[in-house]
Structures are given as C-alpha cells and as structure tokens.
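J.: Below is the structure, and that's it, no one-letter string:
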C-alpha cells in the first residue's frame, strides 16, 4: 500500500500561532483558498467541540471516529455538523450555517466550473450565510447591530464569507470552552475571548 507523506498535514494540527497566521491571511488569498481554508477552520473548531462534548476517549477510539483514512464515521465536515446538531452541541442556526459553508467549500473543491465569490450561486449561498449568522447572533447573544465588515478590497460575498467563518469558528470554539466565558464580538481577526 502506498504511504503518502502529505496525509501527515491532515493528521497534525498547526500551532495556534500558525493557525492565527492562516486565518489572518484569508483576505489576501484567492477565492478558492478562502473557501477551503475558511471551511477547514470551522471544521477544526467543530471537531474540537465534539471532542470536548464526548467522554474522554482513548487515542484509538478517537481515531476510529475522526480519521478519514480509517473511514471514521465523523471524518467528514457534514457528519460532524449532523452529529453536533443531533447531540445538541450546536443549535439549528449554527447547523444551517455550517451546512451552507460545507456546500460552498465543496463547490470550490470539486466543481469543474470556474467559480469565485462573484459567481451567482456562491453569492446566493453567502447571502444565506449572512442572514443565518444574523439570526444566530440575535438568538444567542441578542446582538442585532449588524456586522461591520472589514474594509478589504474584495467583493461583498468574499468579505462575508471570511468574516462569518472566523466568527462562527470562534463561536464554536467558545461552546467547547468554559461556559462562563464570552466572545468579544467587537474584536475582529482573530476573535478574542474575554471574561467578565
């Protein structure tokens, strides 16, 4: 059987500093990179949330659940979202946003069409993400002030996607942390946790 060294890049997570650098670089990446890296960030956060919600598992048990090479039942983004929703680790708004992000990611990863964030279908999905994130922020935090997008030289859908994947990733990470902590919605990239 062939062993690919590149699989190590999927198995080993980057350091927090490296992950912050990747997320901070999203505004200058290509649309395809933004879609793929942004979704990978949300998936990473979701994986950590599930691991925090599950009982402590031995490494082999965890591998059997999450490892794609071993066809783990939670090795895909959509499977993680579905189980997260089923066990009430995430609510319906969060679930719907994650599913849309996974569709956008899949379009960029697998479509043979030349697509970017100005493609009408991608723009429509990003508008849905924006609406769902507004509902999520209102229902979870009573935050109805709208989101001020950073001033990047990019189209609205791209800016929305970047902003919302970072925000959603931070919210998911927050769900797996201390329940008394809060997310600072005013802090842009990356979001910072604050305590009362």
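T.: Received the coordinates, thanks. All values reported here derive from a predicted model rather than from experimental measurement. Numbers count the residues shown, from 1 in each chain.
J.: which residues touch residue 131?
T.: Contacts for residue 131 (C-beta atoms under 8 Å, 6 or more residues apart in numbering) come out as none. Every C-beta, even on glycine, is put in place using the N, C-alpha and C of the backbone.
J.: in what helix or strand does it lie?
T.: Assigned by DSSP states H and E, residue 131 belongs to helix 120-141.
J.: tell me, what residue is most central in this protein?
T.: The residue lying closest to the centre of the chain (C-alpha atoms, centre = their mean) is residue 42, at 1.5 Å.
J.: Just to check, it is in contact with residue 99?
T.: No: between residue 42 and residue 99 there is no contact, the gap being 10.9 Å when judged by C-beta atoms under 8 Å.
J.: Nearest spatial neighbour of residue 84, chain-adjacent residues omitted?
T.: Excluding the flanking residues, the one nearest residue 84 by C-beta to C-beta, 6 or more residues apart in numbering is residue 90, at 4.5 Å.
J.: er, residue 139 I mean
T.: Using C-beta to C-beta, 6+ apart, the closest residue to residue 139 is residue 93 (6.1 Å).
J.: picking that back up, pLDDT averaged over the helix holding residue 131, what's the number?
T.: When pLDDT is averaged over helix 120-141, the result is 81.
J.: mind starting the numbering at 872 from now?
T.: That works, and once the first residue is 872, the last one we named lands at helix 991-1012.
J.: Measure how the strand or helix carrying the residue nearest to the centre of the chain sits relative to helix 991-1012, angle-wise.
T.: According to DSSP H and E, residue 913 maps onto helix 902-924. Taking axes from the mean of the first three to the mean of the last three C-alpha atoms, to 10 degrees, helix 902-924 and helix 991-1012 form an angle of 30 degrees between their directions.
J.: Past helix 902-924, which element shows up next along the chain?
T.: Per DSSP H and E, the helix or strand that comes after helix 902-924 is helix 930-937.
J.: after that next one comes which helix or strand?
T.: Downstream of helix 930-937 (by DSSP H and E), the next one is helix 948-957.
J.: Poorly predicted segments of the protein, please.
T.: Counting by pLDDT under 70, the chain shows low-confidence ranges at 882, 1012, 1014-1032, 1034, 1037-1038, 1041-1042, 1044-1067.
J.: same thing but at 50, please
T.: For the chain, the stretches flagged by pLDDT under 50 are 1023-1024, 1049-1067.
J.: what's the burial count for the closest residue to residue 969 other than its chain neighbours?
T.: Leaving aside its chain neighbours, residue 969 sits nearest to residue 952 (4.3 Å; criterion: C-beta to C-beta, 6+ apart). Look at residue 952: counted by other C-beta atoms under 10 Å, it has 25 neighbours.
J.: so residue 974 sits right up against residue 996, yeah?
T.: Yes: counting by C-beta under 8 Å, residue 974 touches residue 996, with 6.2 Å between them.
J.: Of these two, which one has the most company?
T.: Using other C-beta under 10 Å, the more surrounded residue of residue 974 and residue 996 is residue 996, with 20 against 17.
J.: how about the more buried one, what does it touch?
T.: By C-beta under 8 Å, 6+ apart, the residues touching residue 996 are 971, 974-975, 978.
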